[in-house]
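A.B. asks: My questions concern the predicted model and sequence given below.
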Amino acid sequence: MILEVKNISKNFEFREHFGHKQICLEVLNGIGFNLESGENLSILGTSGSGKSTLAKILALVIKQSGGEIFFEGKNLSNLNQNEVLRCRSRIRLVMQNQKLCLNPALKIKTQIKNIKNYLKLNFDDELVNSLLKTLNLPAEILAKLPHQISGGEAERAGMLTAMLSNPKLLILDEITSGLDFEAKERLLDMLLTLNKSINIIFITHDLMSARRVADKVLLLEKGKQIFFGDFENIKECPKFLELSEALGY
(Lines give C-alpha, C1' and ligand atoms only; values in the text may rest on other atoms or scores of the structure.)
Protein backbone atom coordinates (compact mmCIF):
# COMPACT_ATOMS: atom_id res chain seq x y z
CA MET A 1 0.00 0.00 0.00
CA ILE A 2 1.41 3.38 -1.03
CA LEU A 3 -0.89 5.64 1.02
CA GLU A 4 -3.16 5.11 4.02
CA VAL A 5 -5.17 8.00 5.44
CA LYS A 6 -6.89 7.49 8.81
CA ASN A 7 -9.58 9.78 10.26
CA ILE A 8 -8.01 13.07 9.13
CA SER A 9 -9.45 16.29 10.51
CA LYS A 10 -8.43 19.92 10.14
CA ASN A 11 -9.52 22.93 12.18
CA PHE A 12 -8.50 26.55 11.74
CA GLU A 13 -8.66 28.85 14.76
CA PHE A 14 -8.98 32.61 14.44
CA ARG A 15 -10.52 35.70 16.03
CA GLU A 16 -13.22 37.40 13.99
CA HIS A 17 -12.30 40.75 15.55
CA PHE A 18 -9.56 41.82 17.97
CA GLY A 19 -10.50 40.90 21.52
CA HIS A 20 -13.40 38.69 20.47
CA LYS A 21 -13.71 35.05 21.42
CA GLN A 22 -11.55 32.70 19.37
CA ILE A 23 -13.47 30.80 16.67
CA CYS A 24 -12.70 27.25 15.59
CA LEU A 25 -13.59 26.48 11.98
CA GLU A 26 -13.81 22.79 11.08
CA VAL A 27 -12.67 22.26 7.47
CA LEU A 28 -12.20 18.47 7.40
CA ASN A 29 -13.57 15.73 9.61
CA GLY A 30 -13.21 11.95 9.47
CA ILE A 31 -11.42 11.55 6.13
CA GLY A 32 -10.04 8.06 5.53
CA PHE A 33 -8.98 6.12 2.43
CA ASN A 34 -6.13 4.05 1.04
CA LEU A 35 -4.29 3.84 -2.24
CA GLU A 36 -2.46 0.79 -3.55
CA SER A 37 0.69 1.10 -5.63
CA GLY A 38 -0.27 1.72 -9.27
CA GLU A 39 -3.72 3.13 -8.43
CA ASN A 40 -4.94 6.65 -9.18
CA LEU A 41 -7.56 8.50 -7.12
CA SER A 42 -9.85 11.37 -8.05
CA ILE A 43 -11.17 13.62 -5.29
CA LEU A 44 -14.45 15.33 -6.16
CA GLY A 45 -16.44 18.01 -4.41
CA THR A 46 -17.90 21.47 -4.81
CA SER A 47 -15.98 24.60 -3.84
CA GLY A 48 -15.51 24.72 -0.08
CA SER A 49 -15.67 20.96 0.39
CA GLY A 50 -12.08 20.79 1.68
CA LYS A 51 -10.34 19.36 -1.39
CA SER A 52 -7.41 21.81 -1.47
CA THR A 53 -6.94 21.63 2.30
CA LEU A 54 -6.68 17.85 2.06
CA ALA A 55 -4.17 18.20 -0.81
CA LYS A 56 -1.94 20.45 1.30
CA ILE A 57 -2.11 18.05 4.24
CA LEU A 58 -1.15 15.07 2.08
CA ALA A 59 1.74 17.07 0.57
CA LEU A 60 3.00 18.10 4.04
CA VAL A 61 2.38 21.78 3.34
CA ILE A 62 0.11 22.09 6.39
CA LYS A 63 -0.42 19.73 9.32
CA GLN A 64 -3.67 17.97 10.12
CA SER A 65 -5.43 18.61 13.44
CA GLY A 66 -6.13 14.93 13.98
CA GLY A 67 -5.68 11.51 12.39
CA GLU A 68 -2.71 9.81 10.77
CA ILE A 69 -1.16 9.47 7.31
CA PHE A 70 1.06 6.57 6.31
CA PHE A 71 3.13 6.88 3.13
CA GLU A 72 5.03 3.82 1.96
CA GLY A 73 4.45 2.42 5.45
CA LYS A 74 5.92 5.46 7.24
CA ASN A 75 3.86 7.55 9.64
CA LEU A 76 4.06 11.18 8.48
CA SER A 77 2.66 12.66 11.69
CA ASN A 78 5.92 13.46 13.50
CA LEU A 79 8.77 14.03 11.05
CA ASN A 80 11.83 16.19 11.56
CA GLN A 81 12.75 18.82 8.96
CA ASN A 82 15.09 16.57 6.97
CA GLU A 83 12.48 13.80 6.85
CA VAL A 84 9.85 16.31 5.67
CA LEU A 85 12.13 17.40 2.81
CA ARG A 86 12.73 13.80 1.79
CA CYS A 87 9.00 13.06 1.80
CA ARG A 88 8.27 16.26 -0.15
CA SER A 89 10.54 14.98 -2.90
CA ARG A 90 8.46 11.78 -3.04
CA ILE A 91 5.07 13.49 -2.67
CA ARG A 92 4.73 16.44 -5.03
CA LEU A 93 1.85 18.90 -5.21
CA VAL A 94 0.95 20.86 -8.34
CA MET A 95 -1.71 23.48 -7.66
CA GLN A 96 -4.07 25.31 -9.99
CA ASN A 97 -3.02 28.53 -11.71
CA GLN A 98 0.66 27.62 -11.95
CA LYS A 99 1.37 31.04 -13.46
CA LEU A 100 0.64 32.47 -10.01
CA CYS A 101 2.77 29.79 -8.31
CA LEU A 102 5.83 30.42 -10.48
CA ASN A 103 8.14 33.30 -9.55
CA PRO A 104 7.33 36.00 -12.16
CA ALA A 105 10.88 37.39 -12.05
CA LEU A 106 12.73 34.13 -12.71
CA LYS A 107 13.13 32.12 -15.88
CA ILE A 108 11.84 28.56 -15.81
CA LYS A 109 15.38 27.11 -15.86
CA THR A 110 16.30 29.18 -12.77
CA GLN A 111 13.21 27.96 -10.93
CA ILE A 112 14.17 24.38 -11.76
CA LYS A 113 17.65 25.03 -10.31
CA ASN A 114 16.12 26.49 -7.13
CA ILE A 115 13.90 23.42 -6.65
CA LYS A 116 16.94 21.19 -7.16
CA ASN A 117 18.87 23.02 -4.46
CA TYR A 118 15.96 23.29 -1.99
CA LEU A 119 15.05 19.59 -2.13
CA LYS A 120 18.71 18.53 -2.54
CA LEU A 121 17.92 16.64 -5.75
CA ASN A 122 20.39 14.98 -8.08
CA PHE A 123 19.43 15.13 -11.77
CA ASP A 124 21.05 16.23 -15.02
CA ASP A 125 20.01 18.01 -18.21
CA GLU A 126 19.20 14.68 -19.83
CA LEU A 127 16.32 14.11 -17.41
CA VAL A 128 15.04 17.66 -17.95
CA ASN A 129 15.06 17.19 -21.73
CA SER A 130 13.34 13.81 -21.43
CA LEU A 131 10.54 15.31 -19.30
CA LEU A 132 10.15 18.21 -21.73
CA LYS A 133 9.38 15.64 -24.44
CA THR A 134 7.04 13.66 -22.18
CA LEU A 135 5.12 16.82 -21.29
CA ASN A 136 5.17 18.08 -24.89
CA LEU A 137 7.02 21.26 -23.95
CA PRO A 138 9.53 23.00 -26.25
CA ALA A 139 13.10 23.30 -24.96
CA GLU A 140 12.87 27.07 -25.50
CA ILE A 141 10.45 27.33 -22.56
CA LEU A 142 13.39 27.03 -20.14
CA ALA A 143 14.62 30.49 -21.16
CA LYS A 144 11.21 32.14 -20.72
CA LEU A 145 9.58 34.01 -17.85
CA PRO A 146 6.16 32.84 -16.59
CA HIS A 147 4.30 35.69 -18.31
CA GLN A 148 5.75 34.57 -21.65
CA ILE A 149 4.07 31.14 -21.60
CA SER A 150 0.45 30.02 -21.89
CA GLY A 151 -1.71 28.71 -19.06
CA GLY A 152 -1.45 25.14 -20.35
CA GLU A 153 2.33 25.43 -20.63
CA ALA A 154 2.48 26.80 -17.07
CA GLU A 155 0.56 23.79 -15.74
CA ARG A 156 2.93 21.42 -17.53
CA ALA A 157 5.96 23.42 -16.35
CA GLY A 158 4.68 22.92 -12.82
CA MET A 159 4.45 19.20 -13.47
CA LEU A 160 7.97 19.25 -14.90
CA THR A 161 9.44 20.67 -11.69
CA ALA A 162 7.40 18.16 -9.66
CA MET A 163 8.52 15.15 -11.67
CA LEU A 164 12.23 16.03 -11.49
CA SER A 165 12.32 14.56 -7.98
CA ASN A 166 11.07 11.19 -9.27
CA PRO A 167 7.97 11.30 -7.06
CA LYS A 168 5.94 8.28 -6.06
CA LEU A 169 2.79 10.34 -5.48
CA LEU A 170 1.73 13.29 -7.65
CA ILE A 171 -1.11 15.42 -6.26
CA LEU A 172 -2.77 17.60 -8.89
CA ASP A 173 -5.13 20.22 -7.47
CA GLU A 174 -7.54 21.65 -10.06
CA ILE A 175 -4.79 21.89 -12.69
CA THR A 176 -7.31 21.87 -15.57
CA SER A 177 -9.30 24.77 -14.09
CA GLY A 178 -9.23 27.78 -16.40
CA LEU A 179 -7.84 25.85 -19.39
CA ASP A 180 -9.74 25.81 -22.66
CA PHE A 181 -11.13 22.48 -23.91
CA GLU A 182 -8.20 21.61 -26.18
CA ALA A 183 -5.54 22.46 -23.56
CA LYS A 184 -7.42 20.43 -20.95
CA GLU A 185 -7.70 17.41 -23.26
CA ARG A 186 -3.98 17.54 -24.08
CA LEU A 187 -3.13 17.68 -20.39
CA LEU A 188 -5.41 14.74 -19.54
CA ASP A 189 -4.00 12.70 -22.44
CA MET A 190 -0.51 13.37 -21.14
CA LEU A 191 -1.44 12.25 -17.61
CA LEU A 192 -2.57 8.89 -18.96
CA THR A 193 0.84 8.31 -20.56
CA LEU A 194 2.85 8.94 -17.38
CA ASN A 195 5.01 6.23 -15.90
CA LYS A 196 2.71 3.79 -14.08
CA SER A 197 5.08 3.86 -11.12
CA ILE A 198 3.66 7.31 -10.28
CA ASN A 199 0.41 7.31 -8.33
CA ILE A 200 -1.82 10.30 -9.10
CA ILE A 201 -4.33 12.02 -6.85
CA PHE A 202 -6.41 14.18 -9.17
CA ILE A 203 -8.46 16.84 -7.38
CA THR A 204 -11.21 18.41 -9.42
CA HIS A 205 -14.87 19.40 -9.66
CA ASP A 206 -15.03 17.94 -13.19
CA LEU A 207 -16.64 14.49 -13.04
CA MET A 208 -15.78 13.52 -16.63
CA SER A 209 -12.09 14.41 -16.23
CA ALA A 210 -11.99 12.57 -12.90
CA ARG A 211 -13.27 9.39 -14.57
CA ARG A 212 -10.58 9.56 -17.25
CA VAL A 213 -7.71 9.83 -14.80
CA ALA A 214 -8.67 7.41 -12.01
CA ASP A 215 -10.59 4.23 -11.18
CA LYS A 216 -11.15 5.21 -7.55
CA VAL A 217 -12.98 8.26 -6.29
CA LEU A 218 -13.36 10.12 -3.00
CA LEU A 219 -16.38 12.41 -2.65
CA LEU A 220 -16.26 15.30 -0.18
CA GLU A 221 -19.10 17.50 0.99
CA LYS A 222 -18.60 20.33 3.48
CA GLY A 223 -15.43 18.74 4.80
CA LYS A 224 -16.89 15.29 5.27
CA GLN A 225 -16.35 12.11 3.30
CA ILE A 226 -19.54 10.85 1.69
CA PHE A 227 -18.08 8.14 -0.55
CA PHE A 228 -14.85 6.31 -1.25
CA GLY A 229 -14.61 3.45 -3.71
CA ASP A 230 -14.60 2.48 -7.37
CA PHE A 231 -16.13 4.83 -9.91
CA GLU A 232 -18.40 2.04 -11.10
CA ASN A 233 -20.07 2.04 -7.67
CA ILE A 234 -20.37 5.80 -7.27
CA LYS A 235 -24.12 5.83 -7.91
CA GLU A 236 -24.58 3.77 -4.75
CA CYS A 237 -23.77 6.94 -2.79
CA PRO A 238 -27.16 8.40 -1.68
CA LYS A 239 -25.88 11.96 -2.16
CA PHE A 240 -24.30 11.40 -5.57
CA LEU A 241 -27.26 12.73 -7.55
CA GLU A 242 -27.40 15.86 -5.39
CA LEU A 243 -23.66 16.38 -5.72
CA SER A 244 -23.62 15.75 -9.48
CA GLU A 245 -26.33 18.39 -9.92
CA ALA A 246 -24.33 20.85 -7.81
CA LEU A 247 -21.31 20.19 -10.03
CA GLY A 248 -23.40 20.84 -13.13
CA TYR A 249 -24.00 17.32 -14.49
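C.D. replies: Nice, I can see it.

A.B. asks: Pretty sure Leu194 sits in a helix.
C.D. replies: No: using DSSP: H, G, I helix; E, B strand; the rest coil, the secondary structure at Leu194 is coil, not a helix.

A.B. asks: Would you agree it is in contact with Ile200?
C.D. replies: Yes: here Leu194 lies in contact with Ile200, judged by C-beta atoms under 8 Å, at a distance of 7.3 Å. Using the backbone N, CA and C atoms, a C-beta is placed for each residue, glycine as well.

A.B. asks: Between the two, which has more neighbouring residues?
C.D. replies: Ile200 (19 against 15; other C-beta atoms under 10 Å).

A.B. asks: Now do the contacts for that one.
C.D. replies: Ile200 sits next to Asn40, Leu41, Leu169, Leu170, Ile171, Leu172, Leu191, Leu194, Val213, Ala214 when contact means C-beta atoms under 8 Å, 6 or more residues apart in numbering.

A.B. asks: before we move on, what about Leu58?
C.D. replies: Contacts for Leu58 were tallied using C-beta under 8 Å, 6+ apart; they are Leu3, Val5, Ile69, Ile91, Leu93, Leu169, Ile171, Ile201.

A.B. asks: Can you tell me which of those residues is nearest Thr161?
C.D. replies: Closest approach between those and Thr161, by C-beta to C-beta: Leu93, at 10.9 Å.

A.B. asks: Would you quantify the distance from the closest one to Ser165?
C.D. replies: 12 Å (C-beta to C-beta, to the nearest Å).

A.B. asks: So for the two, which sits in the more crowded spot?
C.D. replies: Per other C-beta under 10 Å, whichever of Leu93 and Ser165 has more neighbours is Leu93, with 23 against 20.

A.B. asks: The helix or strand harbouring that one - what's its average pLDDT?
C.D. replies: For Leu93, the host element (DSSP states H and E) is strand 91-95. Strand 91-95 shows a mean pLDDT of 91.

A.B. asks: just stretch 194-207 next, same as before
C.D. replies: In this model, stretch 194-207 has an average pLDDT of 85.
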